[in-house]
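Colleague: Just a sequence and a predicted model for now, questions to come.
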Amino acid sequence: MHISTPSCILRTWSVSDAPSLSIHANNPDIARWMRDGFPSPYSRDDADRFIAMAQNEQIAILLAIEVDGEAVGGIGIHPLSDVYRRTAEIGYWLSQKYQGRGVVTDAVRACVPVVFATTDIIRIQAGVFHTNLSSMRVLEKCGFEHEAVHTKAIWKHGQFLDEHLYVLFRDRYESRKEPNARTLN
């Protein structure tokens, strides 16, 4: 998959991304917003393992965020299962060097129509730590609605955090789209 946006390219991960991934992801200020499965420190071996997993993924959409010719972040949409099988979770991260430029907003805006056009998902959700105001703003700019606060749902670095749940429904998204809007593939 390859999607161009005004500020970045979203594409499948490549083995050649490992050096860049291990540099840009190796930052405790990025890991603090991520689930514990995101290593910190982030080594070259971690990058190699992640890329191998991403290349073999059959269900989720896992894309590199490329800026200036190198992978500087990632975005993923993970379909849930069982009774939640029509829901997907979106998550993303971006190198500090590229934050504040609208890159993640462009990435989310580009992924949403692909998910709705290629799957039977009717709901995309994101859980955000209450301290991550920038991520909340990205989701709001992309049309996600604040649905709930899960109080003390997260245990990270020895403290409880609230989780803010944001959601975007297919029918509401489609009713807001311009009639001539096109889906990028």
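Modeller: Yes, it's here.
Colleague: so what does the top helix by length along the chain touch, helix or strand wise?
Modeller: Taking DSSP state H as the criterion, the chain has its longest helix at helix 103-118. If contacts are counted by 3 or more C-beta pairs under 8 Å, 6 or more residues apart in numbering; DSSP states H and E, helix 103-118 sits against strand 2-4, strand 9-11, strand 61-67, strand 70-79, strand 87-94, helix 133-141, helix 170-176. Heads up, the C-betas are built off the backbone N, CA and C, glycines and all.
Colleague: Quick one: those as JSON lines, columns for mean pLDDT, distance to residue 27 and mean neighbour count too.
Modeller: Converted to JSON lines, those look like this (pLDDT from 0 to 100; distance: least, C-beta to C-beta, whole Å; neighbours: other C-beta atoms under 10 Å):
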{"stretch": "strand 2-4", "mean pLDDT": "93", "distance to residue 27": "25", "mean neighbour count": "14"}
{"stretch": "strand 9-11", "mean pLDDT": "97", "distance to residue 27": "21", "mean neighbour count": "19"}
{"stretch": "strand 61-67", "mean pLDDT": "97", "distance to residue 27": "15", "mean neighbour count": "22"}
{"stretch": "strand 70-79", "mean pLDDT": "97", "distance to residue 27": "11", "mean neighbour count": "21"}
{"stretch": "strand 87-94", "mean pLDDT": "98", "distance to residue 27": "9", "mean neighbour count": "21"}
{"stretch": "helix 133-141", "mean pLDDT": "97", "distance to residue 27": "15", "mean neighbour count": "17"}
{"stretch": "helix 170-176", "mean pLDDT": "92", "distance to residue 27": "32", "mean neighbour count": "12"}
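Colleague: can the ones you listed go into TSV with extra columns for distance to residue 112?
Modeller: Below are the helices and strands packed on helix 103-118 laid out as TSV (distance: least, C-beta to C-beta, whole Å):
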stretch	distance to residue 112
strand 2-4	11
strand 9-11	12
strand 61-67	11
strand 70-79	9
strand 87-94	8
helix 133-141	11
helix 170-176	7
